[in-house]
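Chemist: how would this look folded up:
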Amino acid sequence: MDLKFNKNEDHNKLLLSTLKRKISAVKLGGGKSRIEKQHAQGKMTARERIDYLLDDKSHSIEIGALVGDGMYEEHGGCPSGGVVIKMGYVSGKQCLVVANDATVKAGAWFPITGKKNLRAQEIAIENRLPIIYLVDSAGVYLPLQDEIFPDKEHFGRIFRNNAIMSSMGITQIAAVMGSCVAGGAYLPIMSDEALIVDQTGSIFLAGSYLVKAAIGENIDNETLGGATTHCEISGVTDYKAKNDADALDKIKSIMDKMGDFDSAGYNRKKPLKPKADENELFGLLPASRTDQYDMTEIIKRLVDDSEFEEYKEGYGKTILTGYARIDGWAVGIVANQRKVVKTKKGEMQFGGVIYSDSADKATRFIANCNQKKIPLVFLQDVTGFMVGSKSEHGGIIKDGAKMVNAVSNSVVPKFTVVIGNSYGAGNYAMCGKAYDPRLIVAWPSAELAVMGGNSAAKVLLQIEKASLKKKGETITPEKETKLFNKIKGRYDNQVSPYYAAARLWTDAIINPLETRKWISMGIEAANHAPIEKDFNLGVIQT
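Modeler: Model prediction:
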């Protein structure tokens with residue numbers, strides 16, 4: 001390997017090390033002292049509950065681990081959004097597990113908590129996956145109630161989704177393992193089956209203090225809404241558990257008796273490891289987001305036996321399209337080629353840019369995959385669509401619109417991996433979050449924004465200079481440099497994959513070596529939901 005490879009490897013492994021440190025920090029939730037307090041109450045933490053419940057904690061993926069990163073600092077922070085969500089297996093059945101983290105503000109719901117819970121339900125609905133709620137929450141975080149209470153994407157939507165999932169026949173099981181108050185009390189009761197842990201679990205619309213204030217009744221919380229009350233008097237819950245472990249064992253038993261899933265019929269053969277060394281991904285991916293590289297070399301380290309059957313190999317070369325297998329599953333891959341390529345006319349095209357011919361090729365390939373019922377995998381490293389008079393006169397907007405149309409109307413499951421750049425309309429055409437990928441993940445090397453940091457900073461600098469000039473201020477070269485660096489620093493923070501992950505624009509930032517696992521588990525989940533409509537592009541300009 002050459003020196004450049006080694007420098008790339010060092011850079012990318014350093015990014016991975018940063019990711020691992022951040023993940024280790026969020027796993028502590030509200031901190032060690034609060035974890036100890038939880039244990040003193042005879043309760044497991046959210047992560048301990050999930051690990052106990054899953055058949056194999058290593059054979060799982062975590063959705064939104066970095067949600068809330070750098071947010072709500074004036075409120076003490078909200079690690080992982082105060083809720084832990086994993087896709088894994090319980091009694092052999094693939095499912096989602098959602099657990100409130102009571103070490104974070106007693107499990108209270110911040111605005112991002114609501115968004116994360118809704119994402120879990122969205123995944124369950126799209127894939128017809130059973131969902132298990134491990135409830136331990138003080139309800140809405142009141143200082144931010146106006147951002148979580150009334151809107152379509154807020155707290156109340158959770159219960160609407162409970163009802164919709166029930167009508168769809170999607171299994172929902174809830175275990176009340178701590179507080180479950182006010183509006184949150186409806187979640188377990190709108191599930192198919194509800195358990196409650198004796199002495200630690202409680203369900204009520206209003207706690208004892210509020211009852212005293214509202215109607216003058218003196219009553220303790222256990223009598224008001226404890227396990228005995230709801231299992232023997234109100235009939236609100238179905239099972240009483242002695243402790244956390246007993247509740248989780250009962251859930252395992254319930255899941256063990258579930259019938260088989262329906263199947264969408266996606267093609268799978270015996271999985272094979274890539275022939276090319278997967279660890280070389282770190283050296284192949286450039287340290288600089290502007291450097292060129294060959295995306296086919298990345299693909300060879302992601303697909304079974306390193307076999308990639310290219311579609312229209314000699315046409316539209318800035319997008320790679322082709323068939324492969326990932327962990328045995330047949331997939332269609334749409335990837336941005338990041339090296340400069342030459343057309344048959346002898347013209348040079350920039351890597352990472354979508355031209356008319358590459359958009360046209362991708363549109364046709366996406367349609368083919370829908371025809372053949374093959375899941376789509378998008379590998380993003382895109383700076384956007386080609387600009388300039390030649391592209392505009394050649395109909396780049398029309399061809400780009402066709403690609404966006406195909407992505408939007410695709411009925412086979414889509415999975416997106418942001419490897420490098422994800423800028424502007426390129427993000428949309430390559431199936432960004434707005435285009436409903438079943439899962440979307442980023443590598444630590446990813447950048448998501450309207451445009452790259454340098455370009456954006458230059459544009460913003462010109463606007464700022466014009467504003468200062470109007471005020472009569474003189475801009476010296478030194479002041480201009482300082483202003484540029486300030487603007488770029490602020491913008492670079494927003495371009496970071498952590499900024500995107502914190503806001504759930506991606507489901508996770510992952511180790512590149514886990515890409516195959518995420519896509520495989522995602523397709524397995526999607527295979528539980530047969531396609532219910534035909535692929536139709538609608539009206540497009542030709």
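
Chemist: list the buried residues for the lowest-mean-pLDDT helix or strand in the chain?
Modeler: When the helices and strands of the chain are scored by mean pLDDT, DSSP states H and E, helix 453-470 comes last with a mean of 76. By neighbour count on 16 or more other C-beta atoms under 10 Å, the buried set for helix 453-470 is 453, 456, 457, 460, 461, 464, 465. Placement of C-beta: from N, CA and C, glycine included.

Chemist: host element of the closest residue to the fourth one other than its chain neighbours?
Modeler: Nearest residue to residue 460 in three dimensions, chain neighbours excluded: residue 487, at 4.9 Å (C-beta to C-beta, 6 or more residues apart in numbering). In this structure, residue 487 sits in helix 477-495 according to DSSP states H and E.

Chemist: next, the angle from that helix to helix 453-470.
Modeler: With axes from the mean of the first three to the mean of the last three C-alpha atoms, to 10 degrees defining the directions, helix 477-495 sits at 130 degrees from helix 453-470.

Chemist: from the contact counts, what lies against the helix or strand that helix 477-495 is followed by?
Modeler: Per DSSP H and E, the first helix or strand lying C-terminal to helix 477-495 is helix 497-502. With contacts defined as 3 or more C-beta pairs under 8 Å, 6 or more residues apart in numbering; DSSP states H and E, the packing partners of helix 497-502 are strand 439-442, strand 447-449, strand 508-509.

Chemist: can you give the contact residues for helix 497-502?
Modeler: The contact list for helix 497-502, computed with C-beta atoms under 8 Å, 6 or more residues apart in numbering, reads 22, 64, 66-71, 112, 418, 442-448, 493, 506, 508-509.

Chemist: now list the buried members of the residues you listed.
Modeler: 22, 64, 66-69, 71, 112, 418, 442-448, 506, 508-509.

Chemist: picking up where we left off before, lowest average pLDDT across the helices and strands packed on helix 497-502?
Modeler: Lowest mean pLDDT within the helices and strands packed on helix 497-502: strand 447-449, at a mean of 91.

Chemist: parallel or antiparallel, list what pairs with that strand.
Modeler: Applying DSSP bridges, strand 447-449 is found paired with strand 414-423 (parallel).

Chemist: beyond the partner strand, next helix or strand please.
Modeler: From strand 414-423 onward toward the C-terminus, using DSSP H and E, the following helix or strand is helix 424-429.

Chemist: low-confidence regions, the stretch 51-200 of the chain specifically.
Modeler: Applying pLDDT under 70 to the stretch 51-200 of the chain picks out residues 183.

Chemist: same thing with the stretch 201-350 of the chain?
Modeler: Nowhere does the stretch 201-350 of the chain drop to pLDDT under 70.

Chemist: residue 96 falls within a strand, correct?
Modeler: Yes. Using DSSP: H, G, I helix; E, B strand; the rest coil, the assignment for residue 96 is a strand.

Chemist: for the closest residue to residue 53 other than its chain neighbours, what are its contacts?
Modeler: Leaving out its chain neighbours, the residue that sits closest to residue 53 by C-beta to C-beta, 6+ apart is residue 248, at 4.8 Å. Residue 248 sits next to 49, 52, 53, 175 when contact means C-beta under 8 Å, 6+ apart.

Chemist: just the buried residues from those, in ChimeraX please.
Modeler: To isolate the buried members of these in ChimeraX, using 16+ other C-beta under 10 Å:
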select :49,53,175
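
Chemist: helices of the stretch 201-350 of the chain, start to end?
Modeler: Chain-ordered helices for the stretch 201-350 of the chain, with DSSP state H, counting those that start in this stretch as the definition, fall at 208-215, 221-225, 227-228, 244-256, 281-284, 295-300.

Chemist: CA atoms of the fifth one as CSV?
Modeler: Coordinates of the C-alpha atoms in helix 281-284 are reproduced here as CSV (Å, rounded to 0.1, in the frame of the first residue of the first chain):
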residue,chain,number,x,y,z
LEU,A,281,-12.2,0.7,3.1
PHE,A,282,-10.4,3.0,5.6
GLY,A,283,-7.4,3.4,3.2
LEU,A,284,-9.4,3.7,0.0
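
Chemist: show me what that helix is packed up against.
Modeler: helix 3-26, helix 295-300.

Chemist: most tightly surrounded among those?
Modeler: A comparison of the helices and strands packed on helix 281-284 by mean neighbour count, using mean count of other C-beta atoms under 10 Å, puts helix 295-300 on top with a mean of 21.

Chemist: counting contacts, what elements does it pack onto?
Modeler: helix 281-284, strand 319-326, strand 329-336, strand 376-382.

Chemist: one more pass at 7 Å, please.
Modeler: Under the contact criterion of 3 or more C-beta pairs under 7 Å, 6 or more residues apart in numbering; DSSP states H and E, helix 295-300 touches helix 281-284, strand 329-336.

Chemist: give me the beta-bridge partners of residue 268?
Modeler: Here residue 268 sits in beta bridges with residue 329, going by DSSP bridges.

Chemist: hang on, it packs against residue 331?
Modeler: No. Using C-beta atoms under 7 Å as the test, residue 268 is too far from residue 331 to be in contact (10.4 Å).

Chemist: which one's more surrounded, the two?
Modeler: Neighbour count, other C-beta atoms under 10 Å: between residue 268 and residue 331, residue 331 has more, with 27 against 16.

Chemist: who's in contact with the more buried one?
Modeler: 324, 325, 374, 375, 377 (C-beta atoms under 7 Å, 6 or more residues apart in numbering).

Chemist: which one of these is nearest to residue 539?
Modeler: The nearest member of these to residue 539, counting by C-beta to C-beta, is residue 374 at 25.1 Å.

Chemist: tell me, how many residues neighbour that closest one?
Modeler: Each residue near residue 374 was counted by other C-beta under 10 Å, and the total is 19.

Chemist: what of residue 381?
Modeler: Neighbours around residue 381, by other C-beta under 10 Å: 29.

Chemist: check contacts around it.
Modeler: By C-beta under 7 Å, 6+ apart, the contact list for residue 381 reads 295, 336, 338, 352, 419, 420, 421.

Chemist: how close does it get to residue 519?
Modeler: Taking C-beta to C-beta, to the nearest Å as the measure, residue 381 falls 17 Å from residue 519.

Chemist: and if you look at residue 131?
Modeler: Taking C-beta to C-beta, one finds residue 131 at 21 Å from residue 519.

Chemist: likewise for residue 129?
Modeler: Going from residue 129 to residue 519 by C-beta to C-beta gives 16 Å.

Chemist: ok, residue 303 next?
Modeler: Separation of residue 303 from residue 519 (C-beta to C-beta) stands at 10 Å.

Chemist: need the residues touching each of those two.
Modeler: Each of residue 326 lies in contact with both residue 303 and residue 519 under the rule C-beta under 7 Å, 6+ apart.

Chemist: what pLDDT does residue 542 get?
Modeler: For residue 542, pLDDT reads 68.

Chemist: an error on my part: the question was meant for residue 28.
Modeler: Confidence score, pLDDT, at residue 28: 96.

Chemist: check the offset of the helix or strand containing residue 521 from the chain's centre.
Modeler: Here residue 521 sits within helix 515-526, counting by DSSP H and E. Helix 515-526 sits 13 Å away from the centroid of its parent chain (C-alpha atoms, centre = their mean, to the nearest Å).

Chemist: what sits up against it?
Modeler: Residues contacting helix 515-526 (C-beta under 7 Å, 6+ apart): 61, 87, 94, 127, 129, 264, 266, 302, 326-327, 329, 375, 377, 413, 415, 417, 438-439, 441, 510.

Chemist: same thing but 6 Å
Modeler: Residues from elsewhere that reach helix 515-526 (C-beta atoms under 6 Å, 6 or more residues apart in numbering): 61, 94, 127, 129, 302, 326-327, 329, 375, 413, 415, 417, 438-439, 441.
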